[in-house]
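# sequence-free structure coming up:
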């Protein structure tokens, strides 16, 4: 169950970040209109593949100081213009590296805003466009293994480790990347590569992982967005 202190944390920290994103979006959109860059809009879909790394600190000896490396992909929607693009990553699925002794998987959703600073000074449709990005992500980290029960009660007959519990986190995320915009007439195709840094805003955990914390995370993604011009 979420505690009152958790709601207070979300109410203060997350709302500040969301307001910052909203004002940034409004400001850059107005400037884009002044520059003539918003004569058309991108509306479409996004798919990306990426790696995430973080570290666990816990009173559970088996996972204390464990470095977690996960790989996977996410799918979502995009809308924006040449200066600002809003990305809604509706569903992301990430699985721990096979070298990790105790499996950890994650399901993630995110709201991210890209801003393309060169578009404020250059109206041309150049192919390569660097960008800065920021937003919020909401993730559920799921733990699997046998370390929560005594050895005498472990059933090793199953080919997969049993589910133990989860940690739910809300994080802020910032980063940057570069986007390659392929020339199109009535639609768009954008390839991109980016790196992001995510920091904790709030968390909630099952009782077994109550004293387990997740360090700030880094991620590297490559992907494609595509759709229609309006």
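Thanks, I have the structure now. In this text, all values refer to a predicted model and were calculated from it rather than measured experimentally. Numbers count the residues shown, from 1 in each chain.
# which residues sit in contact with residue 214?
54, 55, 56, 141, 167, 169, 200, 203 (C-beta atoms under 8 Å, 6 or more residues apart in numbering). Any C-beta I mention is one placed from the backbone N, CA and C, and that applies to glycine too.
# give me that answer again for 10 Å
54-58, 68, 104, 139, 141, 167, 169, 171, 198, 200, 203, 205 (C-beta atoms under 10 Å, 6 or more residues apart in numbering).
# for residue 182, same thing?
Contacts of residue 182 (C-beta under 10 Å, 6+ apart): 127, 188, 189, 190, 191, 224, 226.
# Nearest spatial neighbour of the fifth one, chain-adjacent residues omitted?
The one in question is residue 191. With sequence-adjacent residues excluded and distances taken as C-beta to C-beta, 6 or more residues apart in numbering, residue 191 is closest to residue 180, at 4.5 Å.
# Is residue 81 in contact with residue 188, as I believe?
No - here residue 81 lies out of contact with residue 188, judged by C-beta atoms under 10 Å, at a distance of 11.0 Å.
# secondary structure element for residue 147?
For residue 147, there is no helix or strand it lies in under DSSP states H and E.
# Tally up the residues packed near it, please.
Residue 147 has 17 neighbours, counted by other C-beta atoms under 10 Å.
# For it, which non-adjacent residue is spatially closest?
Residue 147 sits nearest to residue 62 (C-beta to C-beta, 6+ apart), 4.1 Å away.
# can I assume the one you found sits in a helix?
Yes - Residue 62 forms part of a helix when assessed by DSSP: H, G, I helix; E, B strand; the rest coil.
# I'd say it and residue 149 touch.
No - between residue 62 and residue 149 there is no contact under C-beta under 10 Å: 11.8 Å.
# sorry, back to before: state the number of residues packed around the residue nearest to residue 191.
Residues within reach of residue 180, counting by other C-beta under 10 Å, total 13.
# What residues are bridge-paired with it?
Here residue 180 sits in beta bridges with residue 128, residue 191, going by DSSP bridges.
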